[in-house]
Every structure is written in C-alpha cells, then in structure tokens.
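*Asks:* sequence and predicted structure below; questions after.
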Amino acid sequence: MNDYLRVGSAGATSMTGDLTDGKVGVLSDVHGNVHALEAVLRDVRDQGCDALVVAGDLAAYGPAPVETVDLLAGLDALIVRGNTDRYLAEGEGSSPRGRDPDRAASLSWTRELLGEERLRFLGRLPTSASLDGCLVVHASPEDDERGIGPDTPDEEIQAHAWQGSILCGHTHRPLHRHVPGRQIVNAGSVGWPLDGDPRPSYAVLERAPDGHELPWRVSLRRVDYDRSRALAELERRRVPWRHVVRHYIETATWRSQMSEVGRSS
C-alpha cells in the first residue's frame, strides 16, 4: 500500500462513480522521472483529489523507469497509453524516430530494465478512456503523436468526433483551452515540462456549478522537487540519450532541432 492515492482501477478503460462533488487529478508524461512523480502525487493527495488520471508516457528516456511503472501500477488510477509506452511495448520498429541511434538505445535500455511483465502492462493500457463525460487520450483522439497546443487551429479540434472535454498531455506544455463544444485540458508534463518552467505540472479538475459555461473548473498546478536527484541518477545509471534529457530537466526548453509545435517525445 502506497501513501499517495487509492481510487478506481489501474489500466481500466473507464472509471465509474459520481465525481460531481469530487476533484480529479490529471497528470501525464512522467518519462521515468520518479522523483518528480513522487512530488506531484504528494500534491495530488494534499489537494484532496478523489480520482487520478494518467495520460500516458510513463517510462521512456528517464532514469527510473522500473520505479515509475511500479509506483503508477500500484495506484488505483485511470491510465492510458502514450506513444512512447507503445514504442516500449511493441519493440523495435514502432518508433518513427527509431533512426536516432541514441534515442533508440535509450528505448532498448528501458525495455531491458522493465522486463516482460511491465512491458505487458504498458501494452495492455487502452489508447483512450472515458471518465465522467471526459475523453482521456495521450495526445489527441485520433493520433497519439499529434498533440493539442495553443496554436492548434480551432477547426482541427472541432473536427474530432468526441463532443465534450478532452484530457491529454504529450506536448509537455500545460494548457486549458475552450473552443465551442470542447474543453481541452493538457496536463503538461511531470517528468520534464517544456514551457520554460522546469517544475512538474499537472491539473486538478472540479465540477463547475450548474449554469457555468464550462463543465469543469481547472487548476493548472506546478510542484517543486529536487531536480538534482533525477540528474544525478541519469549519470549514475548512464542512461542513453541522457544529454538531451538533462537539457530538458534543467531548462524546460526544446532543443532547436526539436521545436515543432504539437510534437513531443
């Protein structure tokens, strides 16, 4: 039994129950940074959240993939699969960026550490799920590699078949956005945000009162943690591709060659 949160059913495709009077914590893109995850989960608990949603990208590229997957799998949380979870579960050839040797080496290193049971856990995660009228996806409803950001055209968001709220991640940039018929909550990233603020981000949702324009009140939260521990672990474990991950954790900014809007790890 952990001391963070116990709700729902890990890896389920839906979560039932009346959350009208409760709070929902939404997090994404942990990327094996268990130190950041522990800090966020403490804040989730302190905020009094009644349910927890994890929008994918649990383990890849970070220093502590085993500890991260085990911690999340032990929570009663609604978890969907991200694109890097798919890369890990499906093996070589599933990543469109597999030609990057350092990045491919990091995926292989992570896959070897996780072992068959944890890889099966990632592979069994659903690509989408529903919670109290919300659609939970990693990036966007039809594509786990095309994220929703501030520059995504309204028409592109409205073209998605889902009518209502969308909870997501992938871009590593927290966002609360409203277009007609859609409320978008992008939780950003626990492992390494890329919006210039290196503190882990996540979202807390609470049902809005009757008559409110939007169904959910949204608080985008930032949490402090000791980044030096994650950085030290990158070096101690000699994680492949760690020079890039170190840059992300330290600066919360893209490298120039990875600046495409709406795309992420």
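*Replies:* Thanks, I have it. Numbers count the residues shown, from 1 in each chain.

*Asks:* list the contacts for P193?
*Replies:* For P193, the contacting residues are H172, R173, P174, R199, P200, S201, A252, taking Cβ atoms under 8 Å, 6 or more residues apart in numbering as the criterion. Every C-beta, even on glycine, is put in place using the N, C-alpha and C of the backbone.

*Asks:* tabulate those (TSV), appending secondary structure, pLDDT and distance to G22.
*Replies:* What follows is these, written out as TSV (DSSP: H, G, I helix; E, B strand; the rest coil; pLDDT from 0 to 100; distance: Cβ to Cβ, whole Å):
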residue	secondary structure	pLDDT	distance to G22
H172	coil	98	27
R173	coil	98	27
P174	coil	98	21
R199	coil	99	25
P200	coil	99	22
S201	strand	99	21
A252	coil	98	31
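
*Asks:* ok, and the most crowded of those?
*Replies:* Tallying neighbours with other Cβ atoms under 10 Å puts P200 at the head of the contacts of P193, with 30 neighbours.

*Asks:* doesn't V223 make contact with that one?
*Replies:* Yes. Between P200 and V223 there is a contact under Cβ atoms under 8 Å: 5.0 Å.

*Asks:* dihedrals phi and psi, the closest residue to G56 other than its chain neighbours?
*Replies:* With Cβ to Cβ, 6 or more residues apart in numbering as the criterion, G56 has its nearest non-adjacent residue at 2.6 Å, and that residue is G82. In this entry, G82 is assigned phi and psi values of phi -100, psi 170 (degrees, to the nearest 10).

*Asks:* isn't G82 up against G147?
*Replies:* No. Under the criterion of Cβ under 8 Å, G82 lies out of contact with G147, with a separation of 10.6 Å.

*Asks:* between these two, what contacts are shared?
*Replies:* If you check G82 and G147 against Cβ under 8 Å, 6+ apart, the residues they both contact are A139, G169, H170.

*Asks:* now pLDDT too, for those residues, in a markdown table please.
*Replies:* As requested, these are arranged in a markdown table below (pLDDT from 0 to 100):
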| residue | pLDDT |
| --- | --- |
| A139 | 97 |
| G169 | 98 |
| H170 | 98 |
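
*Asks:* strands along the stretch 101-250 of the chain, start to end?
*Replies:* In the stretch 101-250 of the chain, strands defined by DSSP state E, counting those that start in this stretch lie at 128-131, 134-137, 164-168, 175-179, 182-186, 201-207, 216-222, listed in chain order.

*Asks:* among these, which is nearest A59?
*Replies:* Ranking those by proximity to A59 (Cβ to Cβ) places strand 201-207 first, at 17.3 Å.

*Asks:* name the helices or strands packed onto that closest one?
*Replies:* Judged by 3 or more Cβ pairs under 8 Å, 6 or more residues apart in numbering; DSSP states H and E, strand 201-207 is in contact with strand 23-27, helix 34-46, strand 182-186, strand 216-222.

*Asks:* all set, thanks.
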